[in-house]
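A.B. asks: give me a 3D structure for the following:
(2 chains)
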Amino acid sequence: MATIDQPLPAKAATMREEFSWSESLYNWVATVDHKRLGLMYVVSALVFLVIAGIMASIIRLQLAFPNNHVIGPDTYNRLFTMHGTTMVFFVGMPMVAGFANYLVPLMIGARDMAFPRLNAFGFWIFLFGGVLLYFSYIGGGGLSGAGSAPDVGWFAYAPLTERAFSRGASTDYWILGIFTAGIGSIASAINVIATAISMRCPGMTLARMPMFVWVMVIDSWLILIAIPPLTAAQIMLAYDRFLGANFFNTQAGGSAVLWQHFFWIFGHPEVYILIFPAFAILSEVIPVFSRKPLFGRPAMVAAVIAIGFISLGVWAHHMFAVGMTAWSNTFFAASSMLVGIPTGIKIFNWTATMFGGKLRMDTPMLYCCGFLFQFLVAGLTGIMLAVSPFDWQLHDSYFNVAHFHFTLIGGLVFGLLVGMYYWYPKVSGRMYNERLGKLSFWLFVIGFNTTFIPQHFLGFLGMPRRIYTYPAARGWETFNLISSIGVIFQIAAVGLFAWNVVYSAIKGKQAGDDPWDAWTLEWASTSPPPEYNFEKLPVVRSSRPLWDLKHPQDPDWKFGQ
Amino acid sequence: MTDLGLLAFFQVQVPGIPEHRVTDIFKPLASPAAAERDIAWFTIAVTTLIFIVVGGIIVYTIMRFRRRPGDDLRQEPPQVYGSNQIELAWTVIPILIAFVLIGVTARVVWSVENASPPPSALHVKVIGHQWWWEVVYPDYRITTANEIHVPYSPDGKEATYLELSSVDVVHSFWVPQLSGKVDLIPNRLNYMWIDPKQAGVYVGNCAEYCGTQHANMLLRVVAEDRSTFRAWAQGQQKAVEPSVVSTGRTTFESLSCVNCHVIQGTKAIGKFGPDLSHLGSRSTLGAGMMTNTREHLKAWINDPQEIKPGCLMPSMKLTSTELDGVASYLESLK
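C.D. replies: So this is what the prediction gives:
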């Protein structure tokens, strides 16, 4: 068996035809190409990210000073509900699907996903869900003045969502928007699993499958397990609201705690669903930028599987304050601490990969370093929250807000930025501007930490979450003001990133097929890859096929890797 | 405007006892919060140590192994694939740390959650409403709102047991310096206990999002010595004398006020809003939003929606003479 057959696929550019704009629009809308769908997922996620970011900025503006009245309570409650819902379901989830779609077939040497049309269906149903949710600003009783977007929180605790407390249609938009987008997530998860199981190129055993693909497969399993409880609960809630069922209607004997169990048995695996793509991206980028293979690859796979399993048994750590028995409180504290162990293993292995390497400190690697520190902080504050008596104080305080923004911005968004910079030359064929990239990295690090570090202390000082304003003289003014100032830097960072992406796509230097001297199969295709990805399906003998190709004297398969 | 109330919030003083406005969880003044503080410091110490060690290694790795100008770009470093011994070490050590934390956690959980009340303990029912707290003392047959009077316990022998429930949505009882939070959930009874060590007014908030005015669902625990508490309780047991006649009372009883509020001894028997039998003796209005002064009281009655938008009390559209009368009547209910 040979390594990849030479020569690498020829440039496909000559085969491109020129299309009129209406034809190319049609081509995008009707496409079943995994790369175009992946791009559309990522771009729509970025659009939702900007919307959710604007919402967050208004929230921080409101909280910058005590007794502030930039917006009233109803507007504020809708903003934090829509911000959370958007970030989780319409930024995080499509990013998972987008990265998996674009990269999984390329990395396993396939020509497309296993089910291309299901793939297109998944994207469009997701987008429809997002549009449906945002239509609530007009349709949820909005404009006419009787109500508007959902204001029940992204967690939508019963019985606040029941007819008695949530009139109008806004909660129904929340149910249907997420329900619909969930169908897309399930479709995409099935597709990723089927693709990775059945479409790998010759020689690519599971043991040689790139780490990115491994993590995405496990992530997809987690999606398949976690989304249905939420969907079931949402249907039950819709029954409550439309058909007079009383699952969560406490006025008629329903249970408020039942909803919380349903929600968090989805909700906790969900946060791992969201962070896994960052793990997947880092596991590809850190080795390439350290010039070393991923340290302890089998342990890294095992750690992700362990996180997946344990994450299914930690949900009630969101419920330490609902009055569970001492046994339950201890059990869920224990399981939550145990999930930290495989997570720690991942951080240790990434560091060990860097140790002894030759670190290339380009923008993607800078973001990796930012991720490592911020995710370490997030993990450690997570341990504090897992200590249930400590959590009785911290739960639903600003400490909690700080903790999960460290995981989801400091972790997930930083991880996604690693991925976007790293694969930008592959996707666009051009190199991003390194100076702008670094500048925006530093602005983002400064802004992010300025915003979220002070919120830990606000939690210690007893500031609860989800309050639209707060009185003076409770010791909260300074930290809130600092926190809001950080937003300015974050806006600048995101603006520079957007400019970099757009400008470099037009004016950037030609990147070539393999600008990072990387090792996985996507770099063996052209930049951007042709519709069929590879002219000839590659054959691989190790987890780093391009390393083997570039180092015929010293290939990985000689060492049994 | 709303500022009227909010700015005034912290001018509240119950004569003679300090008010704890800065609710730092590391300055506990009751046993449950103290137990939580201790385990908090322990956890912070452990995690800080981990942060220093792991963060230090990451910093060292970045500084030591970053590529420098002049490095040969074609020369790859030694390819190291992993080490089972190292993997084992950094699996086992965190497991040991986790078990220590789990053990300590279990101990504190049991000590706080399963403590049995002393026989002399005061029992109080706290019932959550959108957006205020109903407070019932079954032993004294008193109902009040938003301000929970309890005896303080310098020697640890007194304690107050709270039975928590809700009539509408989920709320959460959080007075950081006394105890961590416990939710108030409809169709469910939860319990917690507090034993303030010093006389004082302890400020807290509703900590579970409960709708429009979640932010202004403030909570105050007033801890006094036993005799002051008893005197307060006896005062609260008194009903309005039927003989007391005022224009304010007449206005109050001729309007729908009586459908939502109770004033003991009168025909005001509505249970939807806070009990007003002794409104004049409370220090705040609007669930802790503002001091109980005549000016604030009039502003509130005139239009609660101006002060607490979304709250469930409508403006009663009173003339200024009626407003004066009702305010005088309510102020007189000490």
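A.B. asks: residues touching the nearest residue to residue A:460 once chain neighbours are set aside, list them.
C.D. replies: Nearest non-adjacent residue to residue A:460, counting by CB to CB, 6 or more residues apart in numbering or on different chains: residue B:25, 5.5 Å away. Yep, even glycine has a C-beta here, placed from its N, CA and C like the rest. Taking CB atoms under 8 Å, 6 or more residues apart in numbering or on different chains as the contact definition, residue B:25 lies against A:393-394, A:460-462, B:33, B:36-37, B:40, B:176-177.
A.B. asks: ok, now with 7 Å
C.D. replies: A:393, A:460, A:462, B:33, B:37, B:176 (CB atoms under 7 Å, 6 or more residues apart in numbering or on different chains).
A.B. asks: ok, residue A:56 next?
C.D. replies: residue A:83.
A.B. asks: which residues of the stretch 101-250 of chain B fall in helices?
C.D. replies: B:226-237, B:247-254 (DSSP state H, counting those that start in this stretch).
A.B. asks: how far does the shortest one sit from the chain's center?
C.D. replies: The chain centroid and the centroid of helix B:247-254 are separated by 34 Å, computed with CA atoms, centre = their mean, to the nearest Å.
A.B. asks: can I get the CA coordinates of it in PDB?
C.D. replies: Output in PDB follows, covering the C-alpha atoms of helix B:247-254 (Å, rounded to 0.1, in the frame of the first residue of the first chain):
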ATOM      1  CA  THR B 247     -61.700  59.600  55.100                       C
ATOM      2  CA  GLY B 248     -58.700  57.600  53.900                       C
ATOM      3  CA  ARG B 249     -60.200  54.400  55.300                       C
ATOM      4  CA  THR B 250     -63.500  55.200  53.700                       C
ATOM      5  CA  THR B 251     -61.900  55.700  50.300                       C
ATOM      6  CA  PHE B 252     -59.800  52.600  50.700                       C
ATOM      7  CA  GLU B 253     -62.800  50.400  51.500                       C
ATOM      8  CA  SER B 254     -65.000  51.900  48.800                       C
END
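A.B. asks: how many neighbours does whichever residue of chain A sits closest to chain B have?
C.D. replies: Sorted by distance to chain B under CB to the nearest CB, the residues of chain A start with residue A:392, at 2.4 Å. Residue A:392 is flanked by 27 other residues according to other CB atoms under 10 Å in any protein chain shown.
A.B. asks: same check on residue B:76?
C.D. replies: 16.
A.B. asks: skipping adjacent residues, who's closest to it in space?
C.D. replies: The nearest residue in space to residue B:76 (CB to CB, 6+ apart) is residue A:291, at 5.2 Å.
A.B. asks: where does the prediction get shaky in the stretch 101-250 of chain A?
C.D. replies: Residues of the stretch 101-250 of chain A that meet the criterion pLDDT under 70 lie in A:143-147.
A.B. asks: go again using 80 as the cut-off
C.D. replies: Applying pLDDT under 80 to the stretch 101-250 of chain A flags residues A:140-147.
A.B. asks: determine the longest helix present in the chain.
C.D. replies: Just going to use chain A. Across chain A, the longest stretch assigned as helix under DSSP state H is helix A:256-290.
A.B. asks: that answer is for a different chain, and I need it for chain B
C.D. replies: helix B:31-65.
A.B. asks: that one vs chain A: in contact?
C.D. replies: Yes: Helix B:31-65 lies within reach of chain A by CB under 7 Å from any CB of the partner chain, at B:35-36, B:39-40, B:43-44, B:47, B:50-51, B:54-55, B:57-58, B:61-62, B:65.
A.B. asks: tell me how far the residue nearest in space to the middle of chain A lies from residue A:280.
C.D. replies: In chain A, the residue lying closest to the centroid (CA atoms, centre = their mean) is residue A:92, at 3.4 Å. Distance, residue A:92 to residue A:280, using CB to CB, to the nearest Å: 14 Å.
A.B. asks: what about stretch A:363-377, distance to the chain center?
C.D. replies: Using CA atoms, centre = their mean, the offset of stretch A:363-377 from its chain centre is 15 Å.
A.B. asks: so which residues on the stretch 201-350 of chain A come close to chain B?
C.D. replies: Near chain B, when you scan the stretch 201-350 of chain A using CB under 7 Å from any CB, you find A:250, A:253, A:255-257, A:291-293, A:295-297, A:299, A:321-323, A:326, A:329-330, A:333-334, A:337-338, A:340-341, A:344-345, A:347-348.
A.B. asks: next SSE after the helix or strand harbouring residue A:80?
C.D. replies: Assigned by DSSP states H and E, residue A:80 belongs to helix A:73-85. Once the chain leaves helix A:73-85, the next helix or strand it forms, by DSSP H and E, is helix A:93-107.
A.B. asks: helices and strands around that next one, which ones?
C.D. replies: helix A:34-63, helix A:116-139, helix A:170-198, helix A:211-243, helix A:256-290 (3 or more CB pairs under 7 Å, 6 or more residues apart in numbering or on different chains; DSSP states H and E).
A.B. asks: in the first one, what counts as buried?
C.D. replies: Counting neighbours by 16 or more other CB atoms under 10 Å in any protein chain shown, one finds that the buried residues in helix A:34-63 are A:34-42, A:44-46, A:48-49, A:51-53, A:55-60, A:62-63.
A.B. asks: got a list of what residue A:547 touches?
C.D. replies: A:519, A:556.
A.B. asks: switch the cut-off to 10 Å
C.D. replies: A:3, A:287-288, A:293, A:517-520, A:554-557, A:561, B:76, B:79 (CB atoms under 10 Å, 6 or more residues apart in numbering or on different chains).
A.B. asks: out of the residues you listed, which is nearest to residue A:424?
C.D. replies: Residue A:424 lies nearest to residue A:518 out of those, by CB to CB, at 13.2 Å.
A.B. asks: next, count neighbours for that closest one.
C.D. replies: 22.
A.B. asks: quick one: it and residue A:107, what's the gap?
C.D. replies: Taken as CB to CB, the span from residue A:518 to residue A:107 is 11 Å.
A.B. asks: and residue B:175, bridged to which residues?
C.D. replies: Beta-bridge pairing for residue B:175 (DSSP bridges): residue B:179.
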